[in-house]
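1. the following comprises the amino acid sequence and a computationally predicted model.
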Amino acid sequence: MAGQETQAVSTPRKLWEHPNPESTPMYQFLQDVNRKHNLKLKTFRELHAWSLSHRTAFWSAVFEAAHLVHEGTCTRVVDESLPIDAVPRWFEGVRLNYAENLLYVRDPAAPGARGVRNKEDGRVAVTEVREGGTGSGPGGARRTATYGELRARAGEVAAALRRKGVGRGDRVVIVGANSIDSLVLWLATAWVGAVFSSSSTDMGVKGILQRTVQVNPKFLFMDDAAVYNGKTVDLRDKMAEVVAGLRECSNFQGAIAIPRFEEPRDVSAVPQAETWASFLSAAEKDARPEFVRVPFHEPMLICYSSGTTGMPKAIVHSVGGILLNYFKEGRLHEGLGPDSVTLQYTTTGWIMYLASIGAVFLGGHAILYDGSPFQPDPAVLVRLAGELGVTKLGISPRWMFELSKLGIRPREVADLSRLRTVTSTGMVLSDQLFEWFYDEGFPAHVHLGNISGGTDIAGCFGILNPLEPVHVGGTQGPSLGIHVAVYDPAVPDGEPGREVEPGTPGELVATQAFPNMPCFFWGDADPSGAPRPGVAVARPGTKYHAAYFARFPRVWAHGDFCVAHPATGGLTLLGRADGVLNPSGVRFGSAEIYGVVERRFADRVQDSLCVGQRRPRDADESVLLFVLMRPGHAFDAKLASDIKQAIAADLSKRHVPKYIFETPEIPTTVNLKKVELPVKQIVSGHIIKPSGTLANPESLKFYYQFAEVEKLVGPKEKL
Ligand SMILES: CC(=O)CC(=O)O
């Protein structure tokens with residue numbers, strides 16, 4: 001597809017459709033809406049259109065279907081007259097608690113005043129699998145917790161937090177694994193009305209502090225060790241450095257070391273640190289505290305944008321927004337429920353951590369995996385999915401790519417008969433991986449859901465739905481209740497945007513408010529810190545507005561470049577908007593180039609990075625493509641020329657990069673997303689300060705020489 005030209009309207013290959021759509025929660029929800037509102041909606045698209053034109057009715061229906069444990073009476077669902085940049089409040093008058101909703105269900109008939117009953121005590125809620133604990137390798141571990149155990153443990157930690165003075169609005173941070181202990185801490189933090197924030201143990205100290213200092217936490221919890229890629233890492237030195245960095249935080253009271261193995265490590269040499277056991281012992285006899293139910297729009301979770309060039313944004317999400325949106329996505333779009341067994345591969349430092357534990361909210365069983373997805377071998381997650389009867393696997397295109405290159409066919413590795421859904425996010429899912437998934441990878445009955453959204457909305461703009469088929473390429477379509485549109489990228493910043501026709505690429509925007517917009521950025525709205533009990537929550541400030549509303553007035557610009565398919569209505573992501581390539585005025589996404597390299601050269605090229613170069617002296621933008629070779633394969637002029645020819649043939653001559661070079665390393669975030677923006681800035685002549693979010697900041701040094709690319713170009717275009 002070329003730049004701003006319109007795509008030919010041919011329907012891509014159909015890969016999957018639901019054998020019995022009427023059995024799905026999405027269909028049942030549609031019928032409920034029809035009954036209640038005397039409507040005759042038939043299709044997902046009709047339901048989606050209604051969800052936009054009747055926002056109050058739609059979100060009320062989601063609220064009712066979710067059976068949220070709450071108190072208070074909703075005085076207004078939302079002021080529909082407010083534009084999205086007013087960041088309207090939702091469900092005013094409703095108070096609720098995140099942990100309570102994960103551990104209990106609403107039951108007005110239950111005895112007692114709270115109108116709730118336990119989620120079944122004996123049912124397994126979570127299974128933690130540490131790398132190596134998959135039945136095939138030594139040294140690993142598995143643990144499970146039932147709903148009863150989770151409730152007891154979270155209650156005990158909540159009591160300890162209360163005793164230490166942690167309450168509504170205080171921040172508690174963890175640097176920990178995707179483990180039961182981390183989940184227990186999250187539940188306990190939410191239990192007392194405090195705000196939770198997590199980072200992964202593989203982040204560098206600078207990255208952890210760039211995130212954590214911003215939110216001025218009362219306590220840091222940190223694992224005392226980690227396992228990754230077959231290695232055990234002692235984290236006590238890192239803990240000491242993080243504690244030292246947190247001393248500048250006025251609220252900070254100390255660190256608690258969580259034992260990652262049976263035997264806790266001695267942390268007596270870490271200043272201001274105590275063990276998990278000593279932290280808990282102080283509150284041993286305390287009664288489990290009452291849940292602190294907070295207003296719907298009050299903060300529950302802080303996550304961070306990757307901030308590949310500057311400080312990460314500390315994005316604050318509300319308790320109500322998270323719960324309601326997760327019900328909409330998990331239950332309606334993905335069909336999850338009490339019978340579900342989910343495995344979302346993620347660290348605690350990525351927004352997918354929320355999805356990783358989401359099954360607990362819906363009464364299901366969440367598998368928490370900690371470690372490399374390729375240890376002891378690349379089929380490990382497939383075997384685990386078969387063995388534990390996983391019904392939904394959440395994974396990334398990178399994982400599928402590696403399996404496809406290694407010739408691993410998941411359907412031949414394990415019994416995947418119980419698997420219903422595989423979701424993929426983190427990067428653009430190429431067309432060839434869609435085809436691989438059904439032709440070679442997974443059983444035909446599995447629903448492949450390409451999803452896209454992100455940390456900013458703790459959810460998705462483009463998502464799967466069971467009422468429409470899956471075709472090659474893109475997400476199936478928009479998420480209910482979110483008015484997604486594609487705007488003309490040629491409109492200058494700050495000027496009113498205009499929608500482009502389906503088939504024409506542009507910037508992904510949302511035009512109407514939705515409940516899972518962030519409440520504010522920490523430190524942006526209210527530098528003094530937390531909301532105080534009884535005081536209204538802070539409102540978004542200038543950084544928030546600059547992040548989303550500066551591009552087009554009164555419209556949320558998400559920073560993604562995408563195209564809506566004219567025939568299927570699917571939404572295909574083409575890359576980040578700030579990475580859009582624009583040589584000679586032709587705009588296209590880097591994902592289009594990656595698709596060709598992946599499709600045609602994956603046997604030799606492991607990965608690639610494509611950026612635009614525009615220095616002050618340049619009249620036009622040049623496109624630079626960097627390729628990372630697979631071990632044992634050499635880069636040469638012939639390969640560069642073959643890649644150029646393939647891009648010309650598959651896309652157009654105007655897509656062909658001006659230069660192709662070999663690179664020794666591609667910069668990525670700790671969540672393994674490759675990052676283009678710092679490289680784009682570097683090759684355009686800027687000196688940048690790498691953010692602590694990068695997994696390999698040193699890799700950026702290589703790219704500075706390309707600011708003077710003309711001096712480097714030899715006959716082979718190779719360094
Ligand atoms: C849902 C997502 O979009 C997750 C991410 O890649 O940030």
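-> Alright, I've got the coordinates.
2. burial count for the residue in the stretch 51-200 of the chain that the ligand sits nearest to?
-> Per CB to the nearest ligand atom, Ser200 is where the stretch 51-200 of the chain lies closest to the ligand, at 14.1 Å. In short, each C-beta sits where N, CA and C put it, glycine included. Burial of Ser200 is recorded as 25 neighbouring residues (other CB atoms under 10 Å).
3. so it sits against Met352, correct?
-> No - with contacts defined as CB atoms under 8 Å, Ser200 does not count as touching Met352, sitting 11.5 Å away.
4. how close does Glu676 get to Phe219?
-> Distance of Glu676 to Phe219, computed by CB to CB, to the nearest Å: 36 Å.
5. give the contact list for Ala86.
-> The contact partners of Ala86, by CB atoms under 8 Å, 6 or more residues apart in numbering, come to Ala513.
6. give me the pLDDT for it.
-> pLDDT for Ala86: 92.
7. for Thr423, see how far away it is.
-> Ala86 is 32 Å from Thr423, by CB to CB.
8. again with Tyr104
-> Distance of Tyr104 to Thr423, computed by CB to CB: 27 Å.
9. tell me, how many residues neighbour the closest residue to the ligand within the stretch 601-719 of the chain?
-> Nearest residue of the stretch 601-719 of the chain to the ligand (CB to the nearest ligand atom) works out as Lys673 at 6.9 Å. As a burial measure, Lys673 scores 19 neighbours (other CB under 10 Å).
10. nearest residue to it in space, ignoring adjacent ones along the chain?
-> Counting by CB to CB, 6 or more residues apart in numbering, Lys673 lies nearest to Gly426, which is 5.9 Å off, once chain neighbours are set aside.
11. residues near that neighbour, how many?
-> For Gly426, the tally of surrounding residues (other CB under 10 Å) stands at 22.
12. wait, isn't it in contact with Arg398?
-> Yes - with contact defined as CB under 8 Å, Gly426 counts as touching Arg398 (7.1 Å).
13. the stretch 201-350 of the chain: strands as residue ranges?
-> Assigned strands in the stretch 201-350 of the chain, in chain order: 219-223, 225-228, 231-234, 254-258, 273-275, 294-295, 299-304, 314-318, 341-344 (criterion: DSSP state E, counting those that start in this stretch).
14. of those, which is nearest Val627?
-> The closest of the strands of the stretch 201-350 of the chain to Val627 is strand 225-228. By CB to CB, the value is 26.9 Å.
15. what's in contact with that closest one?
-> For strand 225-228, contacts defined as CB under 8 Å, 6+ apart pick out 130-132, 139, 177, 201-202, 232-235, 259-261, 265, 370-372.
16. in space, what's closest to His37 - neighbours in sequence excluded?
-> Ala57 (6.3 Å).
17. quick one, phi/psi of that neighbour?
-> Per-residue torsions, Ala57: phi -70, psi -40 (degrees, to the nearest 10).
18. ok, it to Glu46 distance?
-> With CB to CB as the criterion, Ala57 and Glu46 are 14 Å apart.
19. over to Ala707?
-> Distance from Ala707 to Glu46, by CB to CB: 53 Å.
20. one more: Lys543?
-> Lys543 is 38 Å from Glu46, where distance means CB to CB.
21. what does Gln210 give?
-> Taking CB to CB, one finds Gln210 at 45 Å from Glu46.
22. try Arg55
-> Taking CB to CB, one finds Arg55 at 16 Å from Glu46.
23. secondary structure class for Ser197?
-> At Ser197, secondary structure determined by DSSP: H, G, I helix; E, B strand; the rest coil is strand.
24. that one against Gly176, yeah?
-> No - Ser197 is beyond contact range of Gly176, at 11.3 Å (criterion: CB under 8 Å).
25. let's verify Asp560: helix, strand, or coil?
-> Going by three-state DSSP: Asp560 is strand.
26. neighbours of it, just the number please.
-> Per other CB under 10 Å, the neighbour tally for Asp560 reads 26.
27. specify the beta-bridge partners of it.
-> Using DSSP bridges, the beta-bridge partners of Asp560 come out as Arg576.
28. thought it was touching Thr572?
-> No - using CB under 8 Å, Asp560 is not in contact with Thr572, being 10.4 Å away.
29. tell me which parts of the stretch 451-600 of the chain are close to the ligand?
-> Selection of the stretch 451-600 of the chain residues close to the ligand by CB under 6 Å from any ligand atom yields 451-455, 460.
30. so which of the residues you listed would you say is closest to Arg599?
-> Lowest distance from Arg599 to these (CB to CB) belongs to Ser452, with 20.4 Å.
31. phi first, then psi, for the residue lying closest to that closest one once chain neighbours are set aside.
-> Leaving aside its chain neighbours, Ser452 sits nearest to Gly462 (4.4 Å; criterion: CB to CB, 6+ apart). Torsion angles at Gly462 (phi, psi; degrees, to the nearest 10) stand at phi -110, psi 130.
32. so Gly462 touches Leu573, yeah?
-> Yes - Gly462 is within contact range of Leu573, at 6.9 Å (criterion: CB under 8 Å).
33. the spatially closest residue to Val205 that is not a sequence neighbour and the ligand: what is the separation?
-> Spatial nearest neighbour of Val205, chain neighbours left out: Glu241 (4.5 Å); criterion: CB to CB, 6+ apart. Relative to the ligand, Glu241 is positioned 28 Å away (criterion: CB to the nearest ligand atom, to the nearest Å).
34. count the neighbours of Glu241 for me.
-> Residues near Glu241, counting by other CB under 10 Å, number 16.
35. pLDDT score for it?
-> Note for Glu241: predicted pLDDT of 98.
36. compare neighbour counts for Arg55 and Glu46 and give me the winner.
-> Comparing Arg55 with Glu46 by other CB under 10 Å, the one with more neighbours is Arg55, at 20 against 15.
37. residue contacts, the more buried one?
-> 77-78, 80, 481, 512.
38. mind doing that once more with 10 Å?
-> Contact partners of Arg55, counting by CB atoms under 10 Å, 6 or more residues apart in numbering, are 77-78, 80, 90, 481, 483, 512-515.
39. same thing with Tyr304?
-> Residues counted as contacts of Tyr304 (CB under 10 Å, 6+ apart) are 197-199, 207, 210-212, 214-215, 311-315, 349-351, 455, 521-522, 691-693.
40. low-confidence regions, the protein specifically.
-> Residues of the chain that meet the criterion pLDDT under 70 lie in 1-9, 133-140, 307-309, 525-538, 714-719.
41. which bits of it sit near the ligand?
-> On the criterion CB under 6 Å from any ligand atom, the ligand has as its neighbours in the chain the residues 351-352, 425-426, 451-455, 460.
42. now Pro25: phi and psi?
-> Here is the backbone geometry of Pro25 (degrees, to the nearest 10): phi -60, psi -30.
43. I'd say it and Leu336 touch.
-> Yes - Pro25 lies in contact with Leu336 (CB atoms under 10 Å); the separation is 8.3 Å.
44. which helix or strand lies directly C-terminal to the host helix or strand of Gly358?
-> If you go by DSSP states H and E, Gly358 is part of helix 352-361. As assigned by DSSP H and E, the chain's next helix or strand after helix 352-361 is strand 365-370.
45. what angle sits between the following helix or strand past that following strand and strand 365-370?
-> Next in sequence after strand 365-370, counting helices and strands by DSSP H and E, comes helix 380-388. Relative orientation of helix 380-388 versus strand 365-370 (axes from the mean of the first three to the mean of the last three CA atoms, to 10 degrees): 150 degrees.
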